[in-house]
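Asker: sequence first, predicted model second:
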2 protein chains.
Amino acid sequence: MRPITLHDLAKHCQVSTATVSAVVNGADWVSEATRRRVQRAIEELGYHPNQLARGLKRQEGHAVGVVVSDLTNPFFTSIVRSLSHSLRDAGRTLSLCDSDHRHDLGEANLRMLLEGQIVGLVIIGDSVPEKALRAFVKRRANVPVIVIERDYQIQQVSCLLVDSEQGGYAATCHLAERGRRRIAMIAGPTTGAGSATYGRATRLEGYRRALKDLRLPFDEQLVVEGNFRYDSGCSAMHTLLELEDPPDAVFAANDMMAFGAMSVVRDAGLSVPDDVALIGFDNVPMADLTTPGLTTMAMPMVELGDAAARLLDAQIRLGEDHIPLRDTFSATLVARASTLGSEISVG
Amino acid sequence: MRPITLHDLAKHCQVSTATVSAVVNGADWVSEATRRRVQRAIEELGYHPNQLARGLKRQEGHAVGVVVSDLTNPFFTSIVRSLSHSLRDAGRTLSLCDSDHRHDLGEANLRMLLEGQIVGLVIIGDSVPEKALRAFVKRRANVPVIVIERDYQIQQVSCLLVDSEQGGYAATCHLAERGRRRIAMIAGPTTGAGSATYGRATRLEGYRRALKDLRLPFDEQLVVEGNFRYDSGCSAMHTLLELEDPPDAVFAANDMMAFGAMSVVRDAGLSVPDDVALIGFDNVPMADLTTPGLTTMAMPMVELGDAAARLLDAQIRLGEDHIPLRDTFSATLVARASTLGSEISVG
DNA sequence: TTGTACGCGTTATCAC
DNA sequence: GTGATAACGCGTACAA
């Protein structure tokens, strides 16, 4: 059964294709009588406009491209999800690409999206090499590009970032407010994969600034480097517990390492938070499920998703002369039992 | 800068558009000389075919529609991810829709995809009402539809299912093999949301069949109903521990409830697995991170993703006369410390 | 208020 | 081997 076309509809209603098109697109010059006649035919025959032909004519697609470095990362899915909803409301399609942490695949994805005549592009995380993105914006100056959690030095792209330094500062202060004085940090990697993602390394800087403001001494022994994975949190915590003067609080640069640390503390027969208070970073869904619940700095996932969606919509509307934006969001404290103990949690 | 078209290339190379098109699509009748000339021009000018025009002409889009009921569910993302990779290799685009557990949104998504001239459709979970899907396959008989983890009674659609009964059977047997005799079950809801998803309720049936085969008595008190959420696992476990003769093993119908149970057992001062062995269902990423690690029945996520991708590819190739398929996969045991204790885990 | 005719970028079918 | 040309389905000047 060949899909119904504008032409079929016109014949069926004894009107021209122009009239049918006008009805479909809500032009105001069609008489009420014919409008209703056409509307009814649309329902009856089950007409659906062909977006390919429409896009070809209008010189613009209806899809927005989204490139993600790893879809299994809950931080990313959350953003994609909120994008998906707002795009649906705008009648747009979401073309998803998972680059699997590989720059070559990210580049291939970009090429595909280019051919697909997308009308906007959202890049989440470190998934596309800067050079490829440069080439893209050169070829498609009118297509707005929004990057989340990665800082490209390209004029035409908008960047939505999270202020890790501020987050690290706030996390450290929270531990001090809970009466802790010997605060350790399990930091992220300072070089290599992951350090490209904006600010990962700067959580440490926030920690240092907080110590200074709190007039607490900075002790090199209390900073151990991890790689953002569970295992590295475990070994880092082992190292910390073996110190002559072990910490009474630990700030881990992400939740996964915090979970590793939590498990080690408990296996050592110590209590979280009585002996060691613990705070993470990210607020992954699981942070709410461990016992004790993990206090953490929440990434503003919903805000980022909404902001990206709104910005995208506005820039698509503006077209050629949209203004790239650069905005920074804050991580917010979600206090749970791993620092509060049996007190009531504050979300 | 207007995108380069076939026309531009033709003029630039002093050949016809037909020739350029032939080169782009790798036809075999172009002379080596002109082919190289055109190839070089393509590189130089940076030509990219317009997929909209191509699709319009060829009467088929290049996108595959994917509808998911909840992208934040790790089981779903894992499948989407593997689909994304195989589609990229096939040069196809992935149009993602998150229906947010709402049938009306799923229906809206379906309409959008219909207009987008998709060439294949994958539905994951309970995201689209049967009626809407029926209408879709009627309008687009040539577009293959593949459904994962939901059993539609529609001739033309392929269904990939997971055998929950067998999984429940295997889980129960595993507990018995570990020497447990008083095996409880925290079951899923028997009615309402979630029960539509294939087989959720039948895990209980597998449990009962296993007890029979093992010649263990079936005790009604040992079956408590939950709702697949963490909290319901907690309260179910409380109920079980308060029995005169509490169980020495618990099979939870999913991992989240198992985590809840685990937390309650430990809070009661008992040991997992020494006092109560614990097994879940799904193998969510977190199952590997708790202490003790959670033994669970792993959903065959990678297999499902690959199977869907392969099936889709084959059916798109066959076109109008593809044969719908119906296939069932098995959940496989992943034994960890929550049933093995300190023995070495077996993946 | 409505109809006619052309073009968007591509591919397929011919004729040369 | 290659080039002209007619569609594909839609939107839109422009004519009526």
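Answerer: Perfect, I can see it now.

Asker: the longest helix in chain A is where?
Answerer: If you go by DSSP state H, chain A has its longest helix at helix A:301-318.

Asker: give the other helices and strands that that helix contacts.
Answerer: On a contact count with 3 or more CB pairs under 8 Å, 6 or more residues apart in numbering or on different chains; DSSP states H and E, helix A:301-318 meets helix A:74-89, strand A:120-124, strand A:145-148, strand A:157-163, strand A:326-330. C-beta coordinates here come from the backbone N, C-alpha and C atoms, glycine included.

Asker: can you add mean neighbour count and give the ones you listed back as CSV?
Answerer: Listed next are the helices and strands packed on helix A:301-318 as CSV, based on neighbours: other CB atoms under 10 Å in any protein chain shown:
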stretch, mean neighbour count
helix A:74-89, 22
strand A:120-124, 26
strand A:145-148, 25
strand A:157-163, 21
strand A:326-330, 14
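
Asker: so which of these is nearest B:D219?
Answerer: helix A:74-89 (38.7 Å; CB to CB).

Asker: that closest one near chain B anywhere?
Answerer: Yes. Counting by CB under 8 Å from any CB of the partner chain, chain B has neighbours in helix A:74-89: A:74, A:77-78, A:80-81, A:84-85, A:88.

Asker: any idea of the mean pLDDT in that helix?
Answerer: For helix A:74-89, mean pLDDT is 91.

Asker: repeat for stretch A:54-70
Answerer: 94.

Asker: tell me the contacts of the residue in the stretch 101-250 of chain A positioned nearest to DNA strand D?
Answerer: Of the stretch 101-250 of chain A, the residue with the smallest distance to DNA strand D, taken as CB to the nearest atom of the strand, is A:Q117 at 12.9 Å. For A:Q117, the contacting residues are A:55, A:60-61, A:63, B:50-52, by CB atoms under 8 Å, 6 or more residues apart in numbering or on different chains.

Asker: same check, this time on A:C234
Answerer: Taking CB under 8 Å, 6+ apart, one finds A:260-261, A:263-264 in contact with A:C234.

Asker: could I get the helix or strand hosting it in PDB with only the CA atoms?
Answerer: For A:C234, the enclosing helix or strand under DSSP states H and E is helix A:230-241. Below are the C-alpha coordinates for helix A:230-241, written out as PDB (Å, rounded to 0.1, in the frame of the first residue of the first chain):
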ATOM      1  CA  TYR A 230      35.300   1.600  41.900                       C
ATOM      2  CA  ASP A 231      38.500  -0.400  42.300                       C
ATOM      3  CA  SER A 232      40.700   2.700  42.500                       C
ATOM      4  CA  GLY A 233      38.400   4.000  45.300                       C
ATOM      5  CA  CYS A 234      39.100   0.800  47.200                       C
ATOM      6  CA  SER A 235      42.900   1.000  46.900                       C
ATOM      7  CA  ALA A 236      43.000   4.700  47.600                       C
ATOM      8  CA  MET A 237      41.000   4.200  50.800                       C
ATOM      9  CA  HIS A 238      43.400   1.400  51.800                       C
ATOM     10  CA  THR A 239      46.300   3.800  51.400                       C
ATOM     11  CA  LEU A 240      44.500   6.400  53.500                       C
ATOM     12  CA  LEU A 241      43.600   4.000  56.400                       C
END
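
Asker: among the contacts of A:C234, which one sits closest to A:G305?
Answerer: A:G260 (28.3 Å).

Asker: what's the nearest residue to that closest one if we skip its chain neighbours?
Answerer: With CB to CB, 6 or more residues apart in numbering or on different chains as the criterion, A:G260 has its nearest non-adjacent residue at 2.6 Å, and that residue is A:G233.

Asker: what's the answer for A:E225, then?
Answerer: Here the residue nearest A:E225, using CB to CB, 6+ apart, is A:A187, at 5.3 Å.
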